[in-house]
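> Here is a sequence with its predicted model. Questions after.
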Amino acid sequence: MAGFHKSINLKNLWSGSWLRDGERVRGQICPDGVGKCGRFRLICRVGVRAEGGEDDVDFRGMAAQDAADRQSGDPEISMNPIILAVDVPDQASAFDLIEKVGTHVGAYKIGSELFTACGPEIIHRIRSMGASVFLDLKFYDIPNTVAKAVAAAAALDVQMLTIHTSGGRLMMEAAVKAAQSAAKQAPPLILGVTVLTSFTESLLAETGIPDAIDKHVLRLGHLAVDCGLTGLVCSPLELGMLRHSLPAPVQLVTPGIRLPDSQSDDQARIMTPRSAIEQGANFLVIGRPIYAAPDPAAAAQAIFQSLA
Ligand code: C5P
């Protein structure tokens, strides 16, 4: 597509606008196409769904435009792969943090603790700010129940959500179908959780799986893709293996990210933001290195800059 100019709002990773034949078009950036955003060494595989049809956008061109916009000092224009884990107990603390961090991250992850305490209200508030939400509730149940939970999450207009791949084929297929039919615009990206990083091989064996963890992660990853999932959550140390063996458009989201000079907390398997992107991560889930920093906005900014 010739002569486009894109404008991605940093607060909302998935929506943007560009020029089509001289006319500005708004639409959704979807994780099901292929493109490459070289500027930040990201492997951002995305497509663009415009209002009123599909557009074929050369994302490499968009990345070049991104660089020009960035040099012109427009802070709103960027692709930011950082997802802030809002691991705080209540709505007041959540918004205190979100206001501090503002547009320095690409999305906010709401987990079980905060969602159980606040309910959908917290999602409505974040979405009304124009920011993207990753709802990390790791659904695992019979297909009918998971399908309904996914439909409810899609109706909240979240951009990503998690399910357990060990829920099996029927559960995963039901989740994909539910997301597609319930979403008002682009369906949320469903991320499959393979083996929780808290597992050791002997704990896994106790559940009846005698294999090495890597082998089981790979098996579940392939099953997830076969069921129509286009994203996985994985440990940074699994990135290389999954990126090599799964189809290119699969989005890999990884926690366990630490800057070289920061402490590892309780994360045993860590990687720097830049290495994780180089190993094939599309998104980085980061909590304590940002929210426990004296200046969370500066910490998020430093992590983003470390990717350039
Ligand atoms: O504070 P920290 O950066 O370690 O936070 C990482 C986030 O990613 C937390 O919300 C944690 O629950 C989540 N997570 C993880 N390991 C997994 C899956 C999710 O650390 N395997």
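Arrived safely, thanks for sending.

> Where does the closest residue to Leu229 other than its chain neighbours fall, secondary structure wise?
Spatial nearest neighbour of Leu229, chain neighbours left out: Gly192 (4.8 Å); criterion: C-beta to C-beta, 6 or more residues apart in numbering. For every residue, glycine as well, the C-beta is placed using N, CA and C. Using DSSP states H and E, Gly192 falls within strand 189-193.

> to the chain's geometric centre, what's the distance from that strand?
On the basis of C-alpha atoms, centre = their mean, to the nearest Å, strand 189-193 sits 9 Å off its chain's mean C-alpha point.

> Just the CA atoms of it, as CSV, please.
Taking Å, rounded to 0.1, in the frame of the first residue of the first chain, the C-alpha atoms of strand 189-193 are listed here in CSV:
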residue,chain,number,x,y,z
LEU,A,189,-5.7,-12.7,21.3
ILE,A,190,-6.1,-15.9,23.2
LEU,A,191,-2.8,-17.0,24.8
GLY,A,192,-2.2,-20.5,25.8
VAL,A,193,-0.4,-21.3,29.1
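
> Doesn't Phe134 lie inside a strand?
Yes: using DSSP: H, G, I helix; E, B strand; the rest coil, the assignment for Phe134 is a strand.

> quick one, what contacts it?
Neighbouring residues of Phe134 by C-beta atoms under 8 Å, 6 or more residues apart in numbering: Ile83, Ala107, Tyr108, Lys109, Ile110, Val158, Gln159, Met160, Leu161, Val253, Val285.

> So the residue of the stretch 101-250 of the chain found nearest the ligand, which state does it fall into?
Going by C-beta to the nearest ligand atom, the ligand is nearest to Thr197 of the stretch 101-250 of the chain, at 3.6 Å. The local conformation at Thr197, judged by three-state DSSP, is coil.

> quick one: is whichever helix or strand comes after the strand holding Gly192 near the ligand?
Scanning forward in sequence from strand 189-193 by DSSP H and E, the next helix or strand is helix 201-206. No: on the criterion C-beta under 6 Å from any ligand atom, helix 201-206 is out of touch with the ligand, staying 13.8 Å away.

> Check which residues of helix 201-206 are buried.
Buried residues in helix 201-206, defined by neighbour count with 16 or more other C-beta atoms under 10 Å: Leu204.

> can you pull out the helices in the protein?
Here the chain has its helices, by DSSP state H, at 59-71, 91-101, 112-118, 121-128, 143-155, 168-182, 201-206, 213-226, 239-245, 273-278, 288-291, 296-305.
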